[in-house]
Every structure is written in structure tokens, then in C-alpha cells.
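*Asks:* Sequence first, then the predicted structure, then my questions.
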2 protein chains.
Amino acid sequence: MNRLEPPPSILARAKVLVDASLREAVDSLHPGVRHMIRYHMGWVDAAGKPDARGGKAVRPAFAVLSAEAAGADASVAVPGAVAIELVHNFSLLHDDIMDEDRERRHRTTVWALYGVPAGIIAGDALMILAFNVLQRRSGPAGAEASRRLLLDTGGMIAGQVEDLAFEDRPHAIWDECVAMEEHKTAALFSCSACMGAILAEAPRAIVDGLAGFGMHVGLAFQAVDDLLGIWGSPELTGKPTSSDLRQSKKSLPICGALEGGGPGRDELATLLADFRLRGPREAELARAVHLVESGGGRERTETYASDHLRDALEILGGLPITPAAHDAFADLARFLGRRDH
Amino acid sequence: MNRLEPPPSILARAKVLVDASLREAVDSLHPGVRHMIRYHMGWVDAAGKPDARGGKAVRPAFAVLSAEAAGADASVAVPGAVAIELVHNFSLLHDDIMDEDRERRHRTTVWALYGVPAGIIAGDALMILAFNVLQRRSGPAGAEASRRLLLDTGGMIAGQVEDLAFEDRPHAIWDECVAMEEHKTAALFSCSACMGAILAEAPRAIVDGLAGFGMHVGLAFQAVDDLLGIWGSPELTGKPTSSDLRQSKKSLPICGALEGGGPGRDELATLLADFRLRGPREAELARAVHLVESGGGRERTETYASDHLRDALEILGGLPITPAAHDAFADLARFLGRRDH
């Protein structure tokens, strides 16, 4: 991974484009929940003082490029980009409670700061806000955008259901992990990548092509996330070292190693069950990381990520969009497939 | 309250009308969450065996009557009735976690049975399902129905935010409690009462009139709920005696007594603060019930409920709907204003 590669300019551009509408939407919420959302978004610190530590705006960037790819102005994508960013943040708020994560992006999570009831209601408020924002775009394109986001949010929730069930299995299976990540992460990426085109009333072939492109990028993105969950640098990811192993998460590298059938497989399974029961110990954590690597889990996940990145770029190359839009999408996809946090 | 009064036939009729679509919608959910929803709805017991202990279908009944009032067939209301019932049940699932209620309708709540993460995701899945069901009704009426349900669901969530904040105040105020109940309960009643008319493409005057009627019925309904929360019979309500006092909820009778300024006011405030800190004791619970009554909280709430019932019936009487639709709505409103559970 090349840490020196600068992030594609679309990320900063999308953040600026979406920022005012996103803040306006959040400001329309009830004051009793608004301050928690503003904190969660990284706009203020826990004391309410201005801060600037938001996320990467990856999904808004896809939505904006998708409008431009369809020949429309970037502003056409804004309601969709805002709605998707709100849905994404709703899922983070509830996920943090479900996973008992007390830290995200180097900061205390909302439920850990304000309590579980506040975290639940903050997520609920964001989810409804998302669809309220999008339904203001009237006409058939607005209806189609809402329909698409509803469908993919339903998919994302199904992925969270699978994720919950998954954690309880002693032997997780690679294919099940792939299906879970397709729902939990890639569905909303796919939605982002076609959202601007839908709002720009692009032909069906472009909408469907971009949705497929986004699905493959999402799968690659989550695979890289899984790699970072074991080998990522804590200073960059904002999570403890080998955090997915600490939490005995069934991510792709772990499923890969457990399925690989190498000599360390039973030892890894025993270690993971033990971490789950009694919590991880540092020495054994290093051993587990080694076993995932020697069991082929890292290599299989890296290959999987680059395969999906390749598939994404192949679909993209076949779409009747301008070279500028193609290159911006490709740069963003490659950046996400090689990122270090 | 007249326990011998039979429930209006529309309740049973709406349940039958909506049942197949409601089950079909729930059956479309991921298997990992479906069984919990089926349990929550009262269709199966915890072991998965068929059961028949669902709710009263009050909101679907309003939606169905509202289509008929607009001269349409009851079936026109079904997607809206199903969506509202799903939104209502999403709010119950999350409320039970936030209030730490372990029992509802004489049964263990979903989070108490399956854990908090499962309860959160089950609620999320129902909320998205609701809007997925409604968006299948295409055209302007479908869009208007979705817009209306989104708006009122946002209102309901704002009410839950107010409710959470409310519990922490030592001296709750009657008007704030009214505003909270208007959002938390009456908004979705209002939505139900005009939903069928929206889907039937009724004139704006009928839609708005029915929405106003539903709002007043909702306020009366919640006031009766607050009375039952102190003086209701545990066998009928499925809750312990004086349950709202046990939980130091700031309901209308309690706010009324605290605001009444009678001689027992300070004693009541001290008792409630003590229950909140150390839990209630039976002897002091009876004293608190007496203080709410002698402080005028019961009388004020009863007057408030009958005032809103009267306002609802007055609006209803002025609407250009058939006598049959008028009478069915009036019967349902009166029944809810006098119910004992």
C-alpha cells in the first residue's frame, strides 16, 4: 500500500459539495438528538466546540461522479449523496452499539458517551432523515432514487443480520462471509455509484452498469477493510492492533485461513474461540495473526480484493461515459483498493 | 370505563384485511430476523409454534375507514395500513430496549429474549420494510402517502427523543408532556386516519380533516394510556400495577399533580425521585397513587382526554363523508377513549 499516494480530488470536492446540505439536514433534527449527530459526524467535540474530523465522504464522491458521468451537473447528485451519507451514518451508530465498540475514528462512540437509548434513537432519526431528504426530489427520478435507496438499505440491514448470526458460528465459511459483505457494505456502494445517474435521469444501461461497478468496488473496499482490521496501523485506522482478531470477527482473512486447511487451522480455531470466551492476550494475538497469514488468509483476501477491483474497472471501461468521468471513477476505485486506513 | 362494551367491528375487519399482506411483508425479511418479528407480532411463541396474540390493529382500522370515507374500497388502504403497522412495531421494538421493558402484552420482549443487538436490528428491518411496502404503490398518491408517513415517523422519533430527555427532569411540565405525546403517539394516529384517503386520492379537505381528527383521537388515546398506566388493571393491561409510577414516568396525571400545587406536591416529587434512585416500594407506591389523585392529576387528565375526544368528533362531524363512514370512525374513537386496556 502506497501511503504517499494523494487522495483523489473528488473526495475533497464531494465533501464541499455535500457539506452545506448535510449540515442543513442534520440541523432540522430535534435539538435533543442534533448535538449527538453533530458530534458523531465529527463537526463538534463532546463539549460542543467546532471540530473538523469527519469521515472520508467516499459514498458522496461516488454519487457526485455518477451524476457527472451521466452528463449532469454535480449538484444534481446532492440530495442522493446526502441521503446515502445519512444512511451510512445511521448504520455506524447502530453497529457501534451492536458490536460494543467504544471508539471510532479516534473518538468515543455516541452510545459510549450518551448511553444506548440515545445511540438507538440517534440512528433512527438519521435513517428517517435520509429518506425525508431524498423524497423532496419530486418526479419519477426522485421516486426511483428513493426506491433504490430503500432496497439497498434493506440489503445492508440483512447484511447486519447475517453479521450478527455469523459471529456465533465456530467455523465461518468464506462464501458466507462474501455474501454478508456484499449485503452489509457493497449494496450501499452500489447504490452510491448509480445514485447520481438515477437523479440525472440517465439511460438504464448506465445506471445498471454503474451499480455493478459500485458493487465490485464495495466488495474490494470491504476486503481491504478486513486486511486493515488485522494488519492496519493503529495510528492510521484509529482501531487497536489486530482489532478484528481481538473481537474474534469472522472477516475474510480469518475465514480464508480457517478454510485453507493448513496445519495451523485447528490452533487458530481454538485461539479464536478462546479470545471470544476469555478475551485476547497480547502474545497469543501475535500468534493468531501469524496463523492467519501462514494459513493463506491474507493472500486469498488480497487476491479477492484485486480481482474485484479488476472486475469493477472492466465494467467501467465498457460504459458509454466521458473519459474524464471514467478516469475519476477509476482513480477513486484504485485509491480505495490500496488505501491504508 | 365500560368493560362490557364490545370492540367496534372495524378492528376485527381491519385485522383480517391487513393480515395476509402484513405476513407476506414480514416473510420477505431475512430469516435471521424474521422469526423474531413473527414472535414480536404474536403470530408464534418463543419456540416458533403458531400463536394468536397480536395487537389490536387500531392504526390499520383507521387507515381502512379512511379509504372508505373517501368512497374507495377498503383494499385501497392496505399498503398504507401495513406500512403504518410496521412503523408502529418498529417503535415498540426500540422503545422496549430504551425503557428496559422486559414484558409487553404478557410476553417477554424481543430484546429480553434475543439480546439488545437483535432488538435493534429487528426494529431497523421493520422500519425499512414499512417504506419498501408503501413505495410499491406507484404514482402521485403513493408518493404522497410515503411523504406523509416519513414526516409523521420523523415526528414520532422526535417524540421519543423528548421522552428520553423528559425522564431526567425533576419537575416535568404538563405542556411539555402534551407536546411529547403529540409527537410520540398522535402523529402516527393522524397519519393512519388520513392514509386511506390519500391512497384513495381524496380531496385535500378530507385528507386534512381526517388528519386533524386522528391527531385529537391520538391525544385522547395516549391520555387514556397514561390513566391506565396508573389505575389500569394488570390482568387487562399486561403491565404491573401503577407501572408508570414504578418507572417514575412523567405521564400526564403525574405532571398534572406536580403542577397542581396542592399540599402533597412536594411529597410526590420526593417519592418519585426516590423511586427513580432506589426503585419503588409497595407501601409508598400506594401513597404516590393517592397523591397523584388528590393533587388533581387524574381529573385533569380525564378532562383532557374527553376534551380531545369531543374535538375529534366535532371535526369528524364537519367532514363531507358518508354517514356510515362517520359512524364507524366515531364508534372507534369513542371506544379508544373509554377502553380499559
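*Replies:* Looks like it came in fine.
*Asks:* Just give me how far the worst-scoring helix or strand of chain A on mean pLDDT sits from the chain centre.
*Replies:* Lowest by mean pLDDT, DSSP states H and E among the helices and strands of chain A is helix A:234-237, with a mean of 79. The chain centroid and the centroid of helix A:234-237 are separated by 17 Å under C-alpha atoms, centre = their mean, to the nearest Å.
*Asks:* Determine the number of other residues adjacent to the residue lying closest to residue A:244 once chain neighbours are set aside.
*Replies:* Leaving aside its sequence neighbours, residue A:244 sits nearest to residue A:229 (C-beta to C-beta, 6 or more residues apart in numbering or on different chains; 3.5 Å). C-beta coordinates here come from the backbone N, C-alpha and C atoms, glycine included. The number of residues packed near residue A:229 is 21, by other C-beta atoms under 10 Å in any protein chain shown.
*Asks:* and the closest residue to residue A:169 other than its chain neighbours, what are its phi and psi?
*Replies:* Nearest non-adjacent residue to residue A:169, counting by C-beta to C-beta, 6+ apart: residue A:250, 7.1 Å away. Note on residue A:250: backbone dihedrals following degrees, to the nearest 10 are phi -90, psi 80.
*Asks:* How much space separates residue A:250 from residue A:260?
*Replies:* Computed as C-beta to C-beta, to the nearest Å, the residue A:250 to residue A:260 distance reads 14 Å.
*Asks:* more neighbours, these two?
*Replies:* The neighbour comparison of residue A:250 against residue A:260 (other C-beta under 10 Å) goes to residue A:250, with 24 against 19.
*Asks:* give me the residue from the stretch 201-341 of chain A nearest chain B.
*Replies:* In the stretch 201-341 of chain A, no residue comes nearer to chain B than residue A:247, which is 13.3 Å away by C-beta to the nearest C-beta.
*Asks:* thinking again about what came up before, buried residues in the helix or strand harbouring the residue nearest to residue A:244?
*Replies:* According to DSSP states H and E, residue A:229 maps onto helix A:204-231. Going by neighbour count (16 or more other C-beta atoms under 10 Å in any protein chain shown), the buried part of helix A:204-231 is A:206-207, A:209-231.
*Asks:* Who are the packing partners of that helix?
*Replies:* If you count contacts as 3 or more C-beta pairs under 8 Å, 6 or more residues apart in numbering or on different chains; DSSP states H and E, helix A:204-231 packs onto helix A:58-69, helix A:174-181, helix A:187-199, helix A:243-246, helix A:252-260, helix A:282-294, helix A:297-317, helix A:323-338.
*Asks:* wait, what's in contact with the closest residue to residue A:216 other than its chain neighbours?
*Replies:* Excluding its sequence neighbours, the residue lying closest to residue A:216 (C-beta to C-beta, 6+ apart) is residue A:312, at 3.6 Å. Residue A:312 is in contact with A:213-214, A:216-217, A:220, A:333, counting by C-beta atoms under 8 Å, 6 or more residues apart in numbering or on different chains.
*Asks:* quick one on the thing from earlier: if I look at the residue nearest to residue A:244, how far off is residue A:102?
*Replies:* 16 Å.
*Asks:* Let me see the contact set for residue A:326.
*Replies:* Listed by C-beta under 8 Å, 6+ apart, the contact partners of residue A:326 are A:69, A:316-317, A:319.
*Asks:* go again using 10 Å as the cut-off
*Replies:* A:65, A:69, A:313, A:316-317, A:319 (C-beta atoms under 10 Å, 6 or more residues apart in numbering or on different chains).
*Asks:* What subset of those residues is buried?
*Replies:* A:65, A:69, A:313, A:316, A:319.
*Asks:* ok, the closest residue to the second one other than its chain neighbours to residue B:264 distance?
*Replies:* I take that to be residue A:69. Using C-beta to C-beta, 6+ apart and skipping the chain neighbours, the partner closest in space to residue A:69 is residue A:325 (3.7 Å). Relative to residue B:264, residue A:325 is positioned 72 Å away (C-beta to C-beta).
*Asks:* hmm, back to that, what about the residue nearest to residue A:69, how many residues close to it?
*Replies:* Neighbours around residue A:325, by other C-beta under 10 Å: 19.
*Asks:* contacting residues around it?
*Replies:* A:65-71, A:210, A:316, A:319.
*Asks:* Output those residues in TSV; the columns should cover pLDDT.
*Replies:* What follows is the contacts of residue A:325, written out as TSV (pLDDT from 0 to 100):
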residue	pLDDT
A:65	97
A:66	97
A:67	97
A:68	97
A:69	97
A:70	96
A:71	96
A:210	98
A:316	98
A:319	97
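*Asks:* Can you tell me which of those residues comes closest to residue B:33?
*Replies:* Nearest to residue B:33, judged by C-beta to C-beta, of the contacts of residue A:325 is residue A:210 at 29.6 Å.
*Asks:* residue boundaries of the helices in the stretch 51-200 of chain A?
*Replies:* A:58-69, A:78-98, A:110-114, A:116-135, A:139-166, A:174-181, A:187-199 (DSSP state H, counting those that start in this stretch).
*Asks:* The ones you listed: which one's closest to residue B:276?
*Replies:* helix A:116-135 (15.2 Å).
*Asks:* just checking, what packs against the closest one?
*Replies:* When contacts are defined as 3 or more C-beta pairs under 10 Å, 6 or more residues apart in numbering or on different chains; DSSP states H and E, helix A:116-135 packs onto helix A:9-27, helix A:31-40, helix A:78-98, helix A:110-114, helix A:139-166, helix B:78-98, helix B:116-135, helix B:139-166.
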